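**Q** Compute the structure for the input listed below.
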Amino acid sequence: MDTFTEEQLQDIDGRTFPILAVLFPDELHFFRSIAIPVEIAANVAVITEGQHAQYLYLIKSGVLRVNKRHDDTIFEIGSITPGEVFGEASILYDAPAGADVRTVEPCELYQIPIEQVTDMLNSNERFMRSITQLAERRSAASALAVNPIFSTLPQAVREIILYNGQFISLEPGKVLFQEGDTDTRFMFIVLGGDAEVSMQHPQDSNKKVVFARLSSGDEVGEISVITEKAHAATVSAITPLRLLMINNDSVQAWRNRYSDFGYALYACVQHKLHHSLNALRGLMTEQDAHAITTGTLPPHKK
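**A** Below is the predicted model:
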């Protein structure tokens, strides 16, 4: 690789890369001194989903596509263009990349090693805040785009969700809500990490029945939106968990206004309740299992 002088890297500044505008002159000087310019051909994966990022990437030229796998489907969730950065979420959360980033055309990138980016995040509060906001917005936009319920909403509505939604985090072992909780004001979209959905075993209070494991892009809390009853299960974090919190009053309004959204939401709840019924069969009578699962499902609103 050719050796580049700092003068050749003068476009690493706040004008070319707006997210760097919060850096002080000496910090920009430092980034220029360690930046690694690379040229990458078209249709090459720069980051693979599940891989730990080694760099923060700055796009000098070219376009890259972002793809994310959810269940057995790969979704194209967006593109990133000159002046933008990527790889920030993996660095910020010390977690595997949540999506693939692949070149659409030949690209010129700058690579900033992860260790130095981390040091800068820890020493510059404004840079930390800017990177955090970018990572949260991107992870939320990605989760909404692949979620089978929220992906039915118009893009403008998803933008409103991003604007109004609140971001929360849970450490492993912490509970999002308990079985029987009556606070059903919100539903959630998983942005990163894994969670477990369970209920107390009907015959042994020291055991639990696990219904599902949730990961990025999955929804939780939506059953109470449809049934208008207390939460029927406990949701707890298995790994560090990040979620987008959405007000259920808004969900109800979208359900009434957008028929595709209303149908997708109802179908999702119906499927989950049938799954829960099957999990409880053999642990209690069919009548009791039905009463706390599919028996709570009201008729679909046309």
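
**Q** could you list every residue that touches the nearest residue to residue 240 once chain neighbours are set aside?
**A** Closest residue to residue 240 apart from its sequence neighbours, by Cβ to Cβ, 6 or more residues apart in numbering: residue 193 at 5.1 Å. C-beta here means a position set from N, CA and C on the backbone, and glycine is covered the same way. The contact partners of residue 193, by Cβ atoms under 8 Å, 6 or more residues apart in numbering, come to 95, 170, 215, 216, 237, 238, 239, 240, 241, 242.

**Q** for residue 244, same thing?
**A** 140, 143, 144, 161, 165, 166, 167, 188, 189, 191.

**Q** Quick check: pLDDT value at residue 2.
**A** For residue 2, the pLDDT comes out at 50.

**Q** how about stretch 170-180: buried residues?
**A** By 16 or more other Cβ atoms under 10 Å, the buried positions in stretch 170-180 come out as 170, 176, 177, 179.

**Q** Over to stretch 217-229?
**A** So, applying 16+ other Cβ under 10 Å, buried residues of stretch 217-229: 217, 218, 219, 220, 221, 222, 223, 224, 225, 226, 227.

**Q** And the strands in the stretch 1-150 of the chain?
**A** With DSSP state E, counting those that start in this stretch as the criterion, the stretch 1-150 of the chain has strands at 36-40, 45-47, 55-61, 64-70, 73-80, 85-86, 100-103, 107-113.

**Q** Run the chain-centre distance for stretch 132-142.
**A** Centroid separation for stretch 132-142 versus its chain: 7 Å, with Cα atoms, centre = their mean, to the nearest Å.

**Q** Need the residue closest to the centroid of this structure.
**A** The residue lying closest to the centre of the chain (Cα atoms, centre = their mean) is residue 191, at 2.3 Å.

**Q** if I've got this straight, it is in a strand?
**A** Yes: judged by DSSP: H, G, I helix; E, B strand; the rest coil, residue 191 forms part of a strand.

**Q** I'd assumed residue 137 was in contact with it.
**A** No: using Cβ atoms under 8 Å, residue 191 makes no contact with residue 137, being 10.3 Å away.

**Q** Distance-wise, check the residue nearest to residue 112 when sequence neighbours are not counted relative to residue 35.
**A** Excluding its sequence neighbours, the residue lying closest to residue 112 (Cβ to Cβ, 6+ apart) is residue 56, at 4.5 Å. Relative to residue 35, residue 56 is positioned 10 Å away (Cβ to Cβ, to the nearest Å).

**Q** okay, and the common contacts of these two?
**A** Common neighbours of residue 56 and residue 35, counting by Cβ under 8 Å, 6+ apart, are 111, 112.

**Q** Can you pick out the residue with more neighbours from the two?
**A** Neighbour comparison, residue 56 and residue 35: the larger count goes to residue 56, with 26 against 22 (by other Cβ atoms under 10 Å).

**Q** Give me the pLDDT for that one.
**A** Value for residue 56, per-residue pLDDT: 96.

**Q** Okay, helices next: where are they in the stretch 101-250 of the chain?
**A** Ranges of helices within the stretch 101-250 of the chain are 114-123, 125-146, 155-164, 222-227, 248-257, based on DSSP state H, counting those that start in this stretch.

**Q** Please name whichever of those helices is nearest to residue 19.
**A** Among the helices of the stretch 101-250 of the chain, helix 125-146 comes nearest to residue 19, with 5.4 Å by Cβ to Cβ.
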